[in-house]
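>>> This is the structure alone, sequence omitted:
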């Protein structure tokens, strides 16, 4: 393996990895937090509770209504969580993946 001029191949971190860091998102995506936590519902929530939480959070984080710079990311996370938990088959599969 040839080293690129000016870059070290030794060590656990390369020069490139230290120069180009991606900023951490302020709002953690729902896949990292968990869909139940994103919708702020218990794991045994009913369909009505899931839908009510979607409506409440959608109104709160919709980018047209909320001026917060992270509103779009939060709204997408809520929509993604509802996409999984709103469908019984997807919810069962998701619950199995948590166990």
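Arrived safely. Predicted, not measured: the structure shown is a model, and the values here were computed from it.

>>> Going by C-alpha atoms from here, please, whenever you check contacts or count neighbours.
Noted.

>>> Helices of the protein, start to end?
15-19, 30-33, 35-39, 47-61, 71-85, 88-98 (DSSP state H).

>>> Which one of the ones you listed has the poorest average confidence?
Lowest mean pLDDT within those: helix 15-19, a mean of 51.

>>> if I pick residue 43, what's in contact with it?
Neighbouring residues of residue 43 by Cα atoms under 8 Å, 6 or more residues apart in numbering: residue 36.

>>> thinking again about what came up before, what would the helices of the chain look like in CSV with mean neighbour count?
Listed next are the helices of the chain as CSV, based on neighbours: other Cα atoms under 10 Å:
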stretch, mean neighbour count
helix 15-19, 10
helix 30-33, 13
helix 35-39, 21
helix 47-61, 16
helix 71-85, 20
helix 88-98, 12
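
>>> Look up how far residue 97 lies from residue 55.
26 Å (Cα to Cα, to the nearest Å).

>>> Also residue 84?
Look at residue 84 and residue 97: by Cα to Cα, they are 12 Å apart.

>>> Could you do residue 43 as well?
13 Å.

>>> next one: residue 69
Distance, residue 69 to residue 97, by Cα to Cα: 32 Å.

>>> do the same with residue 60
For residue 60, the distance to residue 97 - Cα to Cα - is 29 Å.

>>> just residue 85 next, same as before
13 Å.

>>> who's in contact with the closest residue to residue 62 other than its chain neighbours?
Closest residue to residue 62 apart from its sequence neighbours, by Cα to Cα, 6 or more residues apart in numbering: residue 75 at 5.8 Å. Neighbouring residues of residue 75 by Cα under 8 Å, 6+ apart: 57-58, 61-63.
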